[in-house]
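>>> sequence and predicted structure are below.
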Amino acid sequence: MKRHQRNYILGGAPLACFLGAALIGRFWTPFNPMRIDLRSKLQPPGAAHWLGTDEFGRDLLSRLMAAAGTSVSISLTTVFFALLAGLTLGVIAGYARGWTDRVVMSLNDALLAFPSMLLALALLSITGANMYGIILALGMAYTPSMVRVVRGSVLSLREREFIDASRIMGNSAAYTMLRHILPNCLGPVIVLATSMFGSVLLTESALSFLGLGVPPPAPTWGNMLASARPHIAEAMWLGIFPGLCISLSLLGINLFGDAIRDRFDPRMRGL
Amino acid sequence: MSLPRSILRAFLSSAALALPGMAAANTLTVQITADIRSSQPGINRDAGTDSVVLNVVEGLVAAGDKGEIRPMLAKSWTVSADGKTYTFALREGVKFHNGATMTAADVQWSLEKLIRDPEFSCKTFFDGSRDAKVESIKAAGDHTVVVTLDRPDAMFLNYMAQAQCGSTGIVHRSSFNEDGSWKAPVATGPFVFGEWKRGEGLTLKKFADYSITGDKPDGYGGRKEVLLDEVKYVVVPDTATAVAGLRSGALDVLPYLPPGEAAKLKDEKGFTIVAAPHGGLVTMLFQTTDPLMSNVAMRHAVIAALDTPQIVDSVTYGLGIPNNSLVASGSLYHTAAHDKGYVYDPSAVPGLLQKAGYKGEKITILTNRRSAINYDTAIIAQAMLQSVGINAEIEVLEWASQLDRFNSGKYQIMAFNYSNRTDPGLAYQTVVGSKAKKANTVWDDTEASALVNKSLQEADPAKRQAIFDDLHARFLDQAPLVMLANGLDVGVAGPKVKGYRTWQGFARFWGVERRK
Amino acid sequence: MLKFAFTRLLSAIPTLFIVSVAVFGLIRLIPGDPASLMLGDLADADALAAARKAMGLDRPVPVQFAIWLGDVVQGDLGRSVLNGQPVLDLVLHRFATSAQMVLIAVGLSVLVAVPLGMAAAWRQNGGLDLAIVSMSTLLLSVPTFWLGLMILLVFGLKLGWLPVLGYVSIADNPVAGLIYLVMPVLTLVLHEVGIIVRMARASTLDVLRLDYITHARAKGMSESAVLLHHAARNAFGPTWTLIGLILGNLLGGVAVVETVFTIPGLGRLIVDSIYARDYVVVQGCLLFVALTYLLVNLVVDLLYPLFDPRVTAE
Amino acid sequence: MNQPLVEVDRLSLSVRGLSDHQIVRDVSFRVDAGEIVGIVGESGSGKTMVARSLMNLQPPAISISGGDVRFEGRSVPAMTGKQVRALRGARLGMVFQEPMTSLNPSMTIGRQLEEPLKLHARLDAPRRRERILDILRRVDIRDPEAAFRAFPHQFSGGMRQRIMLASAMLLKPSLLIADEPTTALDALVQREVLELMLEMVRDEKTALLMISHDLPMVARYCDRIIVMRQGEVVEQGPVAEIISRPRHDYTRELLQSMPMRGPLRIIDQAASAVVEVKGLEVEYRTKAGLLAPKTIKKALHGIDLCIRSGEIVALVGASGSGKTTLGRCIAGLVPASSGGIFFAGKVVKPGSPAWHHYRLNCQMIFQDPFGSLDPRMKIREIVVEALRHDRQAGRVEKAERVRAVLEEVGLDGRYLDRYPHELSGGQRQRVAIARAVVGRPQFVIADEAVSALDVTVRTKVLQLLADLQRRHGFSCLFISHDLSVVEQLADRVVVMRDGVIVEEGKRDAIFVAPQHEYTRALLSAIPTLTRTDTGVSLSWRFAQADGALAEALQ
């Protein structure tokens, strides 16, 4: 079995599990993930609550399932946002060059000069910690690197002979951009988008850790971990399961991303 | 396993002098969640700063255990018949930290400088904009200071003793640089302000020449005998880390712990939990100008849906005392009349909602994560409201943003804590007033407002009691906010610490011992 | 080279200007202000106005910006709104703390990760390779705060080997300072190793494919000599660029790790200042972070010819 | 019979772990001391793997699955690592194809040359240095002292290949393995390096195993030839025998692939010019930096050129002569800074109304068949795109034309729905040709259109191009550095150097009696095969250009 096939499977398995859990979690969870039951606070994993309960007596498994949906949809939307903005700006900057390029890129460089975590933090303080604010803030924080990659691959594609061939055939710049350049920069873009997906998941949980992030009571793995912190010493499961979910899904994403990169970027094959 | 461990031990011991918890026996290590804002009493302060600085500075008077005014640097005082002139007799032989002996001139200079400082956080208490204006401060001889007001003010001494005013602490001239800027406090308290590493922490050292007065500790007055060599404050913003530090012995005292944390430590051996309610208010505010919440029936519906004792019990992990009156549960004025509170009655809710014309509109509860109590309150309240068909949602804001909403009055329901109010009159004054004049007012009612003003000028306890009883009845009737409990600061002391008590939430370190 | 450095710095000025405008605008869009935070529930209109005036926030924002920028050009980052400390001192002090931790961590990561990455590439598709790659992927997938917390629980609490909190500057006491750095550095190292191993492996693979490696073998050199003398230096180029990016990012503060291990670093200062709405400090910090990022990348580019003489910095 | 220096005995190589995936099968040959042997084969023939396995240097993924390699009677695969390393560099030297990557870019020449001496010879530092400077002088490196301290990137390709040679010959090995040693070099330099190598090998009595795709070159220098194809030896023997009496079909095919001068065609010199350029100049500007002034470099200096109807004009020159720039400028891919392009007698400028018409009538075939086809499009889509601007034809008609033209270039319907990466290099170039001609343009520019192809494929593609030209009658500008290809195809030849046309004339005139010394130098670098009654004979066209000239030309 080739390495990337193995990675597809190794990475795909946990991803499929989490996506499945997210999907099921939208319609059915063992308990209502928001229901507070103050009489069964901090119960260890057992027959009634498979993964135990949290500090409000809410069922951990149900919350993890519900959180999978939130985490996945936030990450997906954010990546989609960055993808759309990055492709538009990157293709325009790379193809137009000149002043347009310079303006876009110096704005971009200015944003890149901040660690994306800090940028998201600052933006999040403005937009407020709600779902849309988070997507907007994270999306804006991650767009610059996408712009950079897209522009880079547009610049290198421009030098390829099939772009010349398109011009020779009498095609307009816009047509060439859409028909030849855009589809061909999707490879590196998808590779970046995959790793970005993991990165967004991680940043969202880190922001929750610092007190921002998705507002409770809607659970995400990140804010579950953050609220679990004070109880970790006596309720280990509260910290372990969300942490495991994050780590495992990131592992899945990373392996899956490697497999995708192997397909799109043969130069990196075998990594 | 054992080999690397022993090597590590040896290695550690070589560095032992620098590690907290392994330091010289009589250093008490204390967590502060944020660095202090300044070392100047009453200026650029917050509650955490007050708590540190009040170990160093003292005022003429101090608040006693029950909120009554006690002598501190003044051994006694008299008030003129018109109530406008206060004559303080100073204690003799009190030494500043630099060795100088305190004189009336020092007191007069220091008070004058503080009260006239535009950045003084209690400026409005003394410039006539709220109550009386201080007309003059004069030294009469070496040991007498005379303060004249423009009108009588029952709260004057109370203001002077307030922590947020830095207890109007007396400092020596050498606390300032030559250009008039603040250097560091040279005061008269039992601790000397030591090294301050910004962002990391600071050290207070025992003041050997402190002149002890009184026979037992009494609030910020009374006997202040220091049994330690120094107190080292370490900035540890993260609660979980602080608890880990307490367990490992790196920290001796965590003065402000979320109740949930403290409750867990309660069962562990050797830890002392120190919990005492103070005059702060744990509340859920209603915005009475909001289209929905302006309806009294709606507010009563919300209150009937809330099992407030259960909420208090949950959010304080059994450490808090439910109290539905703005008169603090520990106050002299908290009589049986004030034990009357809300009635938890979910069955009454539908009727009230119908009366209010509620049609399932969304109600947003604002809260924050800075205060575990606010946060937990909102979560539990939301669950209770939803279970009776009130469409409540939670919006978690960052503290500064929530404060902004509080000050501008833009909210429907908000979980909010008021800081310590030492007198019931002050507690009422905080929430009562005119929204038009002050947007962060909660209870906008002219009659209540008049009653509150009266209570602040009335010196007779019996008459005051009557006013407070009247106010409480109106409070329950109008339900401008949900009063849940009084402020609760929970501290935990490690196994080596003896004698740590908290008062009104303040961490005082006289009378505290630390075993080897 | 000096001319190149100078040109690069000059061309960074527009970027820095955009950064300052953006930061200045952004932070004032955040609801809440330092005056109301200071006054808390005691705020009334007069008190707020007075506090704002004392903090210099009463003037129109563009005027504040002009004043601030004028000072910045003269090397004065202003004073903290909250406690009047000079921001430059504050930033430099905190930066030194973050920097010593980050530099040690990145240095160690490189020492560990580059040989591992090279070994994996050398034994491509073998058992060692699989083990190293799996380990790095795993390390990449564990969130740092979670990792830090676990390390804290194990080494600080359960085993009690290391102090769980507090911080001593290395300058004050080298031994104690290092001890306090063990856990945060370990956390950072574990994470960065995951990233660097992958890069080192990929670039070594690229190099190992090239003819000069076969040439070196054809000269009769042993495998270790080939790896050490021929592969290592050439493979380090791309890794070096990555290290530059990592450094540029981490030197801006590692807020999460600093929070877990209570280290008064730059990252925590920024987070705290955002919470406290200490505008001047946030502005100063972020400008400083951006400048650091640009400088680190400049230094990386200037040093790149060390690993590849074909590339000249110009 | 005395013991051979190297004996390859039924050697098989296969991909590690997949023993049925054989790359080389049952290869046997020998090399005697001092002998010069050539292995000839196209890409994928396994010749490089065989050569590398002589030193046990095959890539890690490939292992010896059968047979043996013996050096002086000792089995190389059976040796310990230490024993093999003692041979490498000392008794066995190797020169690689790609001078750009065969020297370590981050190490000085001196240190790289020192390594084998340190390993295999007991010499102190000064004497090592002396040996190195000696050999650098021997391979004609100017200023060896400076070269000692220099890095590889400071040298040209030819110089680097000399340094490689120096490195390989430093310890006077018994066998030198040269893997395509001059393929990556400019034609002018190739012959110099080769002859230097031969000279040194003969002086030191070192045996030489030369691996190449270039049969004439191998034939010119070697005593014996081994012909390989798809991992097998198809034929081996003395040069004269192989060349004159090839026994295997493949060898015959190889020999027939040697470019021959095609028949002379009569082009009406009075016919109207299809495309004409006058006074064409192209400038490259470097962007002005903050401190760096803007600089202008001219790539073309006032070029006049005329291509008549139905004519194939070849544009030749060494790399850097400006021939590709000229082609791209005529195609409108590079803007001209002055001068004009005339199409059917009218001036055309980008953006002018006539431009689009010219655009569709001037098509181009690119050098790199991997880069010129959009990897994300099917062959059908690639070709039909060229008809996008044909408003008369409907969908069905377009599809039919695509099918027809693909059949014309030898690709049947099966290829319509494939992607470029599923095709071989030759097939891709056929697609590129189909795309260029499907719209029936009047003018086609072929920029090094066959340079990247294997010999046998190249011949077929050239033939295809010639056939299509005859059938459709388009004019063609054929750009190439390879004069042997040009000789086969062109009606007229234009020689360029440094952005200027130095000579221009009918093909036979240029090839028989070149006037300009640059043209002579170019021609002197390629050996030719001439058919004789007994088979073919091999010769250089002209004596080697003398050193001073070669230097001036570089």
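That came in fine, so what should we check first? Just so you know, these numbers come straight off a predicted model, no measurement behind them. Numbers count the residues shown, from 1 in each chain, chains lettered A, B, ... in the order given.

>>> now do residue 6: how many residues are near it, please.
If you meant another chain, say so; for now it's chain A. 14 (other CB atoms under 10 Å in any protein chain shown). (Each C-beta comes from the backbone N, C-alpha and C, glycine too.)

>>> you answered for a different chain; I wanted chain D.
Counted with other CB under 10 Å, residues neighbouring residue D:6 total 23.

>>> pLDDT below threshold where in the stretch 101-250 of chain A?
Scanning the stretch 101-250 of chain A for pLDDT under 70 picks out A:129, A:211, A:215-217, A:233.

>>> so which bits of it are right by chain D?
Contact residues (CB under 8 Å from any CB of the partner chain) of the stretch 101-250 of chain A with chain D: A:160-162, A:164-171, A:179-180, A:183-184.

>>> how about the helices in the stretch 51-200 of chain D?
Ranges of helices in the stretch 51-200 of chain D, per DSSP state H, counting those that start in this stretch, are D:81-87, D:109-120, D:125-138, D:144-149, D:157-169, D:187-204.

>>> leaving out sequence neighbours, find the closest residue to the residue nearest the centre of chain C.
Nearest to the geometric centre of chain C sits residue C:250, at 1.5 Å (CA atoms, centre = their mean). The shortest distance from residue C:250 to any non-neighbouring residue, by CB to CB, 6 or more residues apart in numbering or on different chains, is to residue C:102 (4.4 Å).

>>> for that neighbour, what are its contacts?
Residue C:102 is in contact with C:188, C:247, C:250, C:251, C:254, counting by CB atoms under 8 Å, 6 or more residues apart in numbering or on different chains.

>>> for whatever residue of chain D ends up closest to chain B, give its distance to chain A.
Here chain D gets closest to chain B at one residue, residue D:81, 37.3 Å apart by CB to the nearest CB. Distance, residue D:81 to chain A, using CB to the nearest CB, to the nearest Å: 25 Å.

>>> do the same with residue B:308
For residue B:308, the distance to chain A equals 14 Å [CB to the nearest CB].

>>> can you check residue B:305 too?
Taken as CB to the nearest CB, the span from residue B:305 to chain A is 14 Å.

>>> tally of neighbours for the nearest residue to residue A:56 once chain neighbours are set aside?
Counting by CB to CB, 6+ apart, residue A:56 lies nearest to residue A:36, which is 4.6 Å off, once chain neighbours are set aside. Other residues near residue A:36 come to 22 when the count uses other CB under 10 Å.

>>> hmm, back to that, tabulate the helices of the stretch 51-200 of chain D (CSV), appending mean neighbour count.
As requested, these are exported to CSV (neighbours: other CB atoms under 10 Å in any protein chain shown):
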stretch, mean neighbour count
helix D:81-87, 16
helix D:109-120, 21
helix D:125-138, 16
helix D:144-149, 16
helix D:157-169, 24
helix D:187-204, 19
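
>>> if you average pLDDT over each of those helices, which is lowest?
Mean pLDDT is lowest for helix D:187-204 among those, at a mean of 87.

>>> using CSV, list the CA coordinates for it.
The C-alpha trace of helix D:187-204 is given here as CSV (Å, rounded to 0.1, in the frame of the first residue of the first chain):
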residue,chain,number,x,y,z
ALA,D,187,26.9,22.4,-28.4
LEU,D,188,30.0,24.5,-28.6
VAL,D,189,31.4,23.3,-25.3
GLN,D,190,30.4,19.7,-25.7
ARG,D,191,33.2,18.8,-28.0
GLU,D,192,35.8,20.5,-26.0
VAL,D,193,34.9,18.8,-22.8
LEU,D,194,34.7,15.4,-24.6
GLU,D,195,38.0,15.7,-26.2
LEU,D,196,39.6,16.8,-23.0
MET,D,197,38.2,13.8,-21.3
LEU,D,198,39.4,11.4,-24.0
GLU,D,199,42.8,13.0,-23.8
MET,D,200,43.1,12.5,-20.1
VAL,D,201,41.8,9.0,-20.2
ARG,D,202,44.3,8.0,-22.8
ASP,D,203,47.2,9.7,-21.0
GLU,D,204,46.4,7.9,-17.8
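
>>> what's that helix in contact with?
Contacts for helix D:187-204 (CB under 8 Å, 6+ apart): D:36, D:95, D:138-140, D:157-158, D:161-162, D:165, D:169, D:172, D:176, D:178, D:181-182, D:185, D:206-208, D:217, D:221, D:318, D:481-483, D:521-522, D:524-526, D:544-545, D:550, D:553-554.

>>> what's the local residue count around residue 159?
Using chain A here. Residue A:159 has 9 neighbouring residues, counting by other CB under 10 Å.

>>> the chain in question should be chain C.
12.

>>> quick check: it vs chain D, distance?
Counting by CB to the nearest CB, the gap from residue C:159 to chain D is 43 Å.

>>> so which bits of the stretch 51-200 of chain A are right by chain C?
Applying CB under 8 Å from any CB, one finds that the stretch 51-200 of chain A approaches chain C through A:106-107, A:109-115, A:117-118, A:121-123, A:125-126, A:128, A:198.

>>> now with 6 Å?
A:106, A:109, A:110, A:113, A:115, A:122, A:125, A:126 (CB under 6 Å from any CB of the partner chain).

>>> for the last one, which three-state class applies?
Classification of residue A:126 by DSSP: H, G, I helix; E, B strand; the rest coil places it in helix.

>>> which non-adjacent residue is nearest residue B:335?
residue B:465 is the one closest to residue B:335 (CB to CB, 6+ apart), at 6.8 Å.

>>> figure out the helix or strand that the residue of the stretch 301-450 of chain D found nearest chain C lives in.
When distances are taken as CB to the nearest CB, the stretch 301-450 of chain D reaches nearest to chain C at residue D:370, 18.1 Å away. Using DSSP states H and E, residue D:370 sits in no helix or strand.

>>> state the distance from it to residue D:380.
Per CB to CB, to the nearest Å, residue D:370 is found 19 Å from residue D:380.

>>> checking my notes, residue B:487 in a helix, right?
No. Counting by three-state DSSP, residue B:487 is not part of a helix but strand.

>>> burial of it, as a residue count?
Quick note: residue B:487 (other CB under 10 Å) scores 22 neighbours.

>>> which one is residue A:72 nearest to, not counting chain neighbours?
residue A:22 (5.0 Å).

>>> just the element for the one you found, please.
Going by DSSP H and E, residue A:22 is in helix A:3-27.

>>> show me what that helix is in contact with.
A:65-66, A:68-69, A:72, A:248-249, A:252, A:255-256, A:258-259, A:262 (CB atoms under 6 Å, 6 or more residues apart in numbering or on different chains).

>>> need the max-distance pair from those residues.
Farthest pair in these (CB to CB) is A:66 and A:262. Separation: 33.9 Å.
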